[in-house]
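Visitor: missing the sequence, but the structure's below:
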Ligand SMILES: NC(=O)c1ccc[n+]([C@@H]2O[C@H](COP(=O)([O-])OP(=O)(O)OC[C@H]3O[C@@H](n4cnc5c(N)ncnc54)[C@H](OP(=O)(O)O)[C@@H]3O)[C@@H](O)[C@H]2O)c1
């Protein structure tokens, strides 16, 4: 005889929400977006089992009126008062290295986990802060500091085998990418920069973006994370995008590609080759389609090549990533402390050999230019003439040789040569 089994009503499990008291270091663009998001997303947070409250925010001057102040219990310019509050997590969005470093150390030292969007801080002191977090059995998250809208760093942290990466190529600075994208439509640099600033995609002072400094800091933190190698961002070979003009982008298109603000690194046996600056990408390269303020990263990983593309910055995007980090910390049963692997210092070298995108000014035919370059052992794969310039894509040759050729030709003919690395679609190595 069959037993009759009555359908049981579904079990209703109501998890007890965890209250998270957030200390917010900074209430500027990102801090304000974060405070408003944390308050506005109360219901969604509760569904994730989190009751988040921004209990204090530290600013430089407490006199200014701040629209986001009503999303925070206390806004103060007094670090003593700020740190007297009990926090479950500290979110750091001050920017710069000091006093951010001292404040983050203070939080970690007190076993309070820290979430930050500050690439300058992590590039300069990421290793020391990770070691401290580990010693205090607490967490340090910096997902929002590099390609803020694409949460890939945390994913790799949870997957130690997948994160055995050998190299990466990336577009890490949205401002530079937006400028070069506009220049590829014939818009001059200054106009492109102004338009980017007006649309809120660039800081009023964009020096760090266009000089490559911002991308160098992000590359530094990625190299520490994936290669366990410590470098000073100032040691990276870095070229500003200001060396380019719209004719260069037109020539790149005629040669079957484009020019992008690239950060690239590859490593093996503890040695590192890396550079930051404009690079020629053939149209088939996955990053050639990353336009405007969008960022992208290609990782040459244990499971093959992987590509992540998405928004790189913006206060709202960054706030979402910060809040996700806070939620993850609140719901983690076991504190995910930073990796115990100790990174070691290394001086990066410029990639040893590459194909090059060359610009030669002056009234010279393509044949004369090819012969001149050939005389110095630099062989052209493709050439094009645009107005009074000749552009060439070379075969792979060392940076020293192409530099020597450029200097010799300048001395002999007075003609200055611009040399930009040309990446291949197939390999990460130039
Ligand atoms: N903006 C973005 O889209 C974006 C995207 C990703 C990552 N980030 C990173 O997020 C961080 C913040 O960027 P942001 O654009 O929000 O900067 P911001 O608008 O300049 O805000 C900085 C905040 O920190 C406060 N602050 C600065 N120095 C201080 C000090 N010595 N003592 C106390 N408070 C201080 C400022 O106080 P006052 O208000 O009194 O001046 C301000 O509230 C940076 O690390 C940035 O790289 C930004």
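Guide: It's in. Please read all numbers here as calculations on a predicted model, not as lab measurements.
Visitor: could you use CA atoms for every contact and neighbour count after this?
Guide: Will do.
Visitor: all strands in the stretch 201-350 of the chain, in order from the N-terminus.
Guide: 229-230, 237-238, 257-268, 271-282, 294-301, 304-311, 344-345 (DSSP state E, counting those that start in this stretch).
Visitor: for the second one, give me every contacting residue.
Guide: Residues outside strand 237-238 that contact it (C-alpha atoms under 8 Å, 6 or more residues apart in numbering): 211-213, 216, 274-277, 349-350.
Visitor: hmm, 6 Å instead?
Guide: Contacting residues not belonging to strand 237-238 are listed as 275-277 [C-alpha atoms under 6 Å, 6 or more residues apart in numbering].
Visitor: do the same with the third one
Guide: Judged by C-alpha under 6 Å, 6+ apart, the contacts made with strand 257-268 from elsewhere in the structure are 166-171, 252, 272-283.
Visitor: let me see the mean pLDDT of stretch 334-345.
Guide: The pLDDT scores in stretch 334-345 average 86.
Visitor: what's residue 75 sitting at in phi/psi?
Guide: Per-residue torsions, residue 75: phi -110, psi 120 (degrees, to the nearest 10).
Visitor: for the closest residue to it other than its chain neighbours, name its beta-bridge partners.
Guide: Residue nearest to residue 75 in three dimensions, not counting chain neighbours: residue 57, with 4.8 Å by C-alpha to C-alpha, 6 or more residues apart in numbering. Residues in a beta bridge with residue 57, per DSSP bridges, are residue 24, residue 75.
Visitor: do you know how far whichever residue of the stretch 251-400 of the chain sits closest to the ligand is from residue 195?
Guide: Proximity of the stretch 251-400 of the chain to the ligand (C-alpha to the nearest ligand atom) peaks at residue 314, 3.3 Å away. Plainly put, residue 314 is 16 Å away from residue 195 if you go by C-alpha to C-alpha, to the nearest Å.
Visitor: next one: residue 46
Guide: Residue 46 is 41 Å from residue 195, by C-alpha to C-alpha.
Visitor: show me the contacts for the residue nearest to residue 75.
Guide: Residues near residue 57 by C-alpha under 6 Å, 6+ apart: 24-25, 75.
Visitor: the ligand contacts on the stretch 51-200 of the chain?
Guide: Residues of the stretch 51-200 of the chain lying near the ligand by C-alpha under 6 Å from any ligand atom: 58-61, 93-96, 99, 117-119, 144-145, 148.
Visitor: now the two most distant members of those.
Guide: 61 and 148 (26.8 Å; C-alpha to C-alpha).
Visitor: higher neighbour count, the two?
Guide: In this view residue 61 and residue 148 are compared by other C-alpha atoms under 10 Å, and residue 148 has more residues nearby, 27 against 11.
Visitor: can I take it that the more buried one is in a strand?
Guide: No. If the criterion is DSSP: H, G, I helix; E, B strand; the rest coil, then residue 148 is coil and not within a strand.
Visitor: next, give phi and psi for residue 111.
Guide: When quoted as degrees, to the nearest 10, the phi and psi of residue 111 stand at phi 70, psi 20.
Visitor: just the pLDDT at it, thanks.
Guide: Here, the pLDDT recorded for residue 111 equals 97.
Visitor: ok, it to residue 16 distance?
Guide: 23 Å.
Visitor: go on, residue 385?
Guide: 69 Å.
Visitor: now residue 67
Guide: 32 Å.
Visitor: same check on residue 145?
Guide: Between residue 145 and residue 16 the computed distance is 31 Å (C-alpha to C-alpha).
Visitor: more neighbours: which of those two?
Guide: Each of residue 145 and residue 16 had its neighbours counted (other C-alpha under 10 Å), and the higher figure belongs to residue 145 (27 against 10).
Visitor: residue ranges with poor pLDDT in this structure?
Guide: For the chain, the stretches with pLDDT under 70 are 1-15, 426-430.
Visitor: show me where it has helices.
Guide: Assigned by DSSP state H, the chain shows helices spanning 29-40, 42-47, 79-83, 100-109, 119-135, 153-157, 174-183, 189-198, 207-211, 213-227, 246-254, 315-331, 366-375, 399-413.
Visitor: buried set for the fourth one?
Guide: So the one you mean is helix 100-109. 100-101, 103-105, 107-109 (16 or more other C-alpha atoms under 10 Å).
Visitor: touching that helix from outside, list them.
Guide: Residues outside helix 100-109 that contact it (C-alpha under 6 Å, 6+ apart): residue 133.
Visitor: can you name the residues that contact residue 350?
Guide: 273-275.
Visitor: what do you get if the cut-off is 8 Å, keeping everything else the same?
Guide: 236-237, 273-275, 399.
Visitor: same question, residue 136
Guide: Taking C-alpha under 8 Å, 6+ apart, we find residue 136 in contact with 108-111.
Visitor: what would these look like in TSV with distance to residue 421?
Guide: What follows is the contacts of residue 136, written out as TSV (distance: C-alpha to C-alpha, whole Å):
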residue	distance to residue 421
108	41
109	44
110	47
111	45
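Visitor: among those residues, which one lies nearest to the ligand?
Guide: Using C-alpha to the nearest ligand atom, the contacts of residue 136 come closest to the ligand at residue 108, 17.9 Å.
Visitor: reformat the strands of the stretch 201-350 of the chain as CSV; add mean neighbour count and distance to the ligand.
Guide: Below are the strands of the stretch 201-350 of the chain laid out as CSV (neighbours: other C-alpha atoms under 10 Å; distance: least, C-alpha to the nearest ligand atom, whole Å):
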stretch, mean neighbour count, distance to the ligand
strand 229-230, 24, 20
strand 237-238, 20, 19
strand 257-268, 24, 17
strand 271-282, 24, 18
strand 294-301, 22, 12
strand 304-311, 15, 10
strand 344-345, 12, 24
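Visitor: excluding its backbone neighbours, what's nearest the most centrally placed residue in the chain?
Guide: Nearest to the mean C-alpha position of the chain, by C-alpha atoms, centre = their mean, lies residue 146 at 3.5 Å. Distance criterion C-alpha to C-alpha, 6+ apart; nearest residue to residue 146, sequence neighbours excluded, is residue 218 at 5.9 Å.
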